[in-house]
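> any chance you can model this:
(one chain, ligands or ions: 1)
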Amino acid sequence: MIRAARAQYYGNPLYPLQPTDKTIEVLVHSGRKVSLLPETITDLVQRYAGSGPRYTSYPTANNFSGAYKPGHQVDALASITPQQDLSLYLHLPFCNTICYYCACNKIVTANKKKAETYLTYLQKEIALVSNLIDGNQPVEQLHFGGGTPTYMSDRQLETIMQSLTDHFNLSTSPERDFSIEIDPRTVDPARIAHLASLGLNRLSLGIQDFDPQVQLAINRLQSTGETTDIVNAARSSGFESISVDLMYGLPLQSVRHFEKTLEVVCQIDPDRISLFNYAHMPHLFKTQRQIVDAQLPSPSEKLNLLSFSIRYLLDAGYSYVGLDHFAKPDDKLFAAQQSGTMHRNFQGYTTHRQCELIGLGVSAISDINGSYSQNEKTLDAYYTALDHSNLPVAKGLVCSPDDSLTRNVLTSLMCNLKLNYTEFSESNDINFTEHYEEELTQLKAFAENGLLKLSDEGISITETGRLLLRNIAAVFDVYLPGKPAKSQFSQTI
Ligand code: SF4
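Below you'll find the predicted structure:
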């Protein structure tokens, strides 16, 4: 596959950012010369690239308010009808070591007793929440995130699964998506087989970058050998889908060396790849202060890393499904995008549009019938609420009809990369062009710059526009102007 990728390197018709006379060439790891982005495109993207939300929800989580109380969440849970399917997210926050780039809600500790205490409270929350839902709705989607979920021992994970089985109707359908985030440094093949025996069928591995210098700079030393062993173990244990996380914009990264990481990743042959933009916000995330600013790539180097990676992965046979996700053409995510059924949630893109999301654990977010809520972020506050048999809800938001409408607009643009005025107007009972007249006027500048196309039928995002989906989405965000401070958001590129 890699040889084929090299042969077609510049010839992929799916991606228009091809070299021109004006591009600069660099020697990459394999000794080949590759062209960086044409200056015109670099300029264009840099002109737009500012701070902005990732829109894993709309309205975004920074708009959640403390006025949303546990009582509101009781109502939200009671609103789930017997016909609705469920998605559960469990946050397991503990990690063995700290990665300097991390912006997750995590607790780095060697004290394993903390995990045992957490387990007790998580079980309490599972029981409390399930008692507030009327019905036996199937759980079609289950995700363990963190932190490092595999910080928990096999026995502890088994206890959680048993608790979920006791209180929810976990689907056994082959269509279910039951996934877990894996830090390859914390597991061995026997543990992977155990996870499969618990009914998990999808696995997501953190990699970021295989370059030893970059790994040193981010304090995450992880060999290709241990990662490959875990992927092989997952395949032999029957995991249906394997996805890996990469990151661009990390210290000491360069196009020259990132090619090696992409090459190894393509040899590992995952079904999905997430390529995240490192958001350096040391004023918000203390851990990131360990990163040396001078070692960070410049905005244009970051853009070239992104563009280079997109071209590499497309040529290796992956489809670019949107924002930061790639999937093999036979993966369900690609099929969902093609059929217009892909959805975006707090974990990124998903195929399960119709599920009501229940977040369990410290800082977890729920999304139920137009109500968002987030659990307490500290263990103390989370435990105190549960000690009083209260839902550990810290804040949230009930969507207004206009919020719900705009949320549908963003889903259409960010998942389907297009929006048809007539179809949208009919399914949402509005006149789209009248309702969003002002936003359509603002989009003309994006159209003039080739980032999207506006026609009598609707809006369609161009390939270049995919690099700036967050900026395009921001045009519809009525919460954005003036509040909150933009520094709460990461750079869009
Ligand atoms: S990146 Fe993952 S493993 Fe590293 S500190 Fe953050 S949550 Fe823990």
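> near the ligand, which residues of this protein?
Where proximity means Cβ under 6 Å from any ligand atom, the interface of the chain facing the ligand comprises Cys95, Ile98, Cys99, Cys102, Cys104, Lys106, Gly146, Gly147, Thr148, Asp183, Gly206. Quick note: C-beta positions are derived from backbone N, CA and C, even for glycine.
> what's the local residue count around the closest residue to the ligand within the stretch 151-300 of the chain?
When distances are taken as Cβ to the nearest ligand atom, the stretch 151-300 of the chain approaches the ligand most closely through Asp183, which lies 5.0 Å from it. If you count neighbours by other Cβ atoms under 10 Å, Asp183 ends up with 21.
> next up, phi/psi of the closest residue to it other than its chain neighbours, please.
With Cβ to Cβ, 6 or more residues apart in numbering as the criterion, Asp183 has its nearest non-adjacent residue at 4.7 Å, and that residue is Thr148. When read as degrees, to the nearest 10, the backbone of Thr148 gives phi -120, psi 100.
> try Val139
The main-chain torsion angles of Val139 are listed as degrees, to the nearest 10 and equal phi -90, psi 110.
> how close does it get to Gln83?
Val139 sits 14 Å away from Gln83, going by Cβ to Cβ, to the nearest Å.
> and for Glu140?
Counting by Cβ to Cβ - Glu140 and Gln83 are separated by 13 Å.
> those two: which has the busier surroundings?
For Glu140 versus Gln83, the count of surrounding residues by other Cβ under 10 Å is larger for Glu140: 21 against 8.
> what segments of the stretch 51-200 of the chain are strands?
Secondary structure of the stretch 51-200 of the chain by DSSP state E, counting those that start in this stretch: the strands cover 86-92, 94-95, 107-108, 138-146, 169-170, 177-182.
> including mean pLDDT and distance to Thr441, could these go into JSON lines?
Shown next, in JSON lines, are these (pLDDT from 0 to 100; distance: least, Cβ to Cβ, whole Å):
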{"stretch": "strand 86-92", "mean pLDDT": "97", "distance to Thr441": "37"}
{"stretch": "strand 94-95", "mean pLDDT": "96", "distance to Thr441": "47"}
{"stretch": "strand 107-108", "mean pLDDT": "94", "distance to Thr441": "47"}
{"stretch": "strand 138-146", "mean pLDDT": "95", "distance to Thr441": "38"}
{"stretch": "strand 169-170", "mean pLDDT": "97", "distance to Thr441": "48"}
{"stretch": "strand 177-182", "mean pLDDT": "95", "distance to Thr441": "40"}
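> let me have the ones you listed in a markdown table, extended by distance to Leu195.
Shown next, in a markdown table, are those (distance: least, Cβ to Cβ, whole Å):
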| stretch | distance to Leu195 |
| --- | --- |
| strand 86-92 | 13 |
| strand 94-95 | 17 |
| strand 107-108 | 22 |
| strand 138-146 | 9 |
| strand 169-170 | 15 |
| strand 177-182 | 6 |
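> and Val292, which of these is closest to it?
When these are ranked by proximity to Val292, the top entry is strand 107-108, at 20.4 Å, counting by Cβ to Cβ.
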